[in-house]
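Enquirer: what would the 3D arrangement of this be:
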Amino acid sequence: MDNMKKQIISMLVSSDKISLFTIHGEIIEIKNDSEYDTAKISEFLAPQLSGKNAVEIDLSQFQAIASIISSDFEGEGIVVTQVIDGREVQGIFYPRKVAVEVTVGEKKIPIPDVENLTGHIKRAAQEKSPSVANFLKRLAPVLDARKHSGEDLMQFIKQSEMPLTNDGRIIAYKRVKNGTETGFYADCHTGKVNQRVGSRVIMKIDLVDSSRHNSCSTGLHVANLGYMKSFSGTATLIVLVNPEDFIAVPKGELTKARVCAYDVIGVLSPNAHKTVNEGTHVSNDEQLKELIKKAVEGRHVQPIEEVEVGNY
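Expert: Purely as a prediction, here's the structure:
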């Protein structure tokens, strides 16, 4: 990626971005929330810039996605294939779109909109986690064989406040109501799907509506924070979903999804449930933080039972 090598003569750092000025008169603006590590770029350039010299920098070396899909994963068929130029408005703006492809058998499957994983990529890079690499490997066969839109799934994940787990699974919410038995919860639609922490709820794939154009339809429903405030129920479950179990993300409604399976790993506290109802980020909830930490590391409650849902 020779176009990523730049000769820098000056740098301006602000609260939300850094601006780099090249020897050729280019202005490169890199936002702090991009897939580039602006702190490391500043640390690299600051000691070397004197105002009298140009410092060469290879920006591809400061991409978080390049650091998590490193030599550790190259043998497993994940490749960052190209960087596409961003729009130019008085300069060059980053992030640029990142193209990634995953090899499955003899096929090379492109993964769309990887830049939507920027938050997850940065977290994975900081924690040296295989979460994003494992997610991409699990997602690729689904994109090749199934109906749901990869673009919509990436948007769903982008809008989630939850991290990906180290084995590449997605943490989401499930709104329910109190069940007839202590410790059990029932789905809000029929009231007949009894589930609890430790339940794996499943539905045959061919029974789940795969159309992106249908909003409310047959299937198991999960959501991220943005959807919870518009949905009734007396409790909120924390669930784990495999990328391969996502069937449809309704077009234009990127805060909810239909899946064919999920594992129940926890229940929000009453205060956290109330906060989610208000559409606000849950903070200072140590119980939730610990639950998420265990889920990310694979130390969460494992399924003790399967609950199969029919066509309703």
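
Enquirer: CA atoms for contacts and neighbours, from now on please.
Expert: Fine.

Enquirer: strands of the stretch 1-150 of the chain, start to end?
Expert: 5-13, 17-22, 27-31, 55-58, 78-84, 92-94, 97-104, 107-111 (DSSP state E, counting those that start in this stretch).

Enquirer: for the stretch 101-250 of the chain, which spans come out with low pLDDT?
Expert: Applying pLDDT under 70 to the stretch 101-250 of the chain flags the ranges 146-149, 226-230.

Enquirer: so where do the helices sit in it?
Expert: Using DSSP state H, counting those that start in this stretch, the helices of the stretch 101-250 of the chain run over residues 118-127, 131-145, 150-158, 225-228.

Enquirer: right, and those - which one's nearest residue 13?
Expert: Closest to residue 13 of those, according to CA to CA: helix 118-127, at 19.9 Å.

Enquirer: give the buried residues for that closest one.
Expert: Under the neighbour-count criterion of 16 or more other CA atoms under 10 Å, helix 118-127 has 118-125 buried.

Enquirer: give the contact list for the residue nearest the centre of the chain.
Expert: Centrality entry for the chain: nearest residue to the mean C-alpha point is residue 157, 3.8 Å, by CA atoms, centre = their mean. For residue 157, the contact set (CA atoms under 8 Å, 6 or more residues apart in numbering) comprises 116-117, 170.

Enquirer: right, and out of those, which lies closest to residue 150?
Expert: Nearest to residue 150 among these: residue 116, at 11.2 Å, using CA to CA.

Enquirer: now the residue lying farthest from the centre of the chain. Nearest residue, chain neighbours left out?
Expert: No residue in the chain sits farther from the centre than residue 52, which is 42.9 Å out by CA atoms, centre = their mean. Of all residues not flanking residue 52 in the chain, residue 9 sits nearest, at 7.6 Å (CA to CA, 6 or more residues apart in numbering).

Enquirer: how close does the one you found sit to residue 206?
Expert: For residue 9, the distance to residue 206 equals 59 Å [CA to CA, to the nearest Å].

Enquirer: neighbour-wise, which of those two wins?
Expert: Each of residue 9 and residue 206 has its neighbours counted (other CA atoms under 10 Å); residue 9 has more, 21 against 11.

Enquirer: who touches stretch 296-309?
Expert: Contact with stretch 296-309 is made by 163-167, 193-195, 197-203, 263-265, 291, 294, as judged by CA under 8 Å, 6+ apart.

Enquirer: residue 102: neighbour count?
Expert: Close neighbours of residue 102, defined as other CA under 10 Å, add up to 24.

Enquirer: my bad, residue 291
Expert: Each residue near residue 291 was counted by other CA under 10 Å, and the total is 18.

Enquirer: secondary structure element for it, which one?
Expert: Under the criterion of DSSP states H and E, residue 291 resides in helix 286-297.

Enquirer: could you dump the helix or strand just after that helix to CSV, C-alpha only?
Expert: Next along the chain after helix 286-297, taking DSSP H and E as the criterion, comes strand 305-309. Taking C-alpha atoms only, strand 305-309 is exported to CSV below (Å, rounded to 0.1, in the frame of the first residue of the first chain):
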residue,chain,number,x,y,z
GLU,A,305,-31.2,-27.0,28.4
GLU,A,306,-32.6,-26.3,24.9
VAL,A,307,-35.9,-24.7,24.4
GLU,A,308,-37.2,-25.2,20.8
VAL,A,309,-39.7,-22.8,19.4
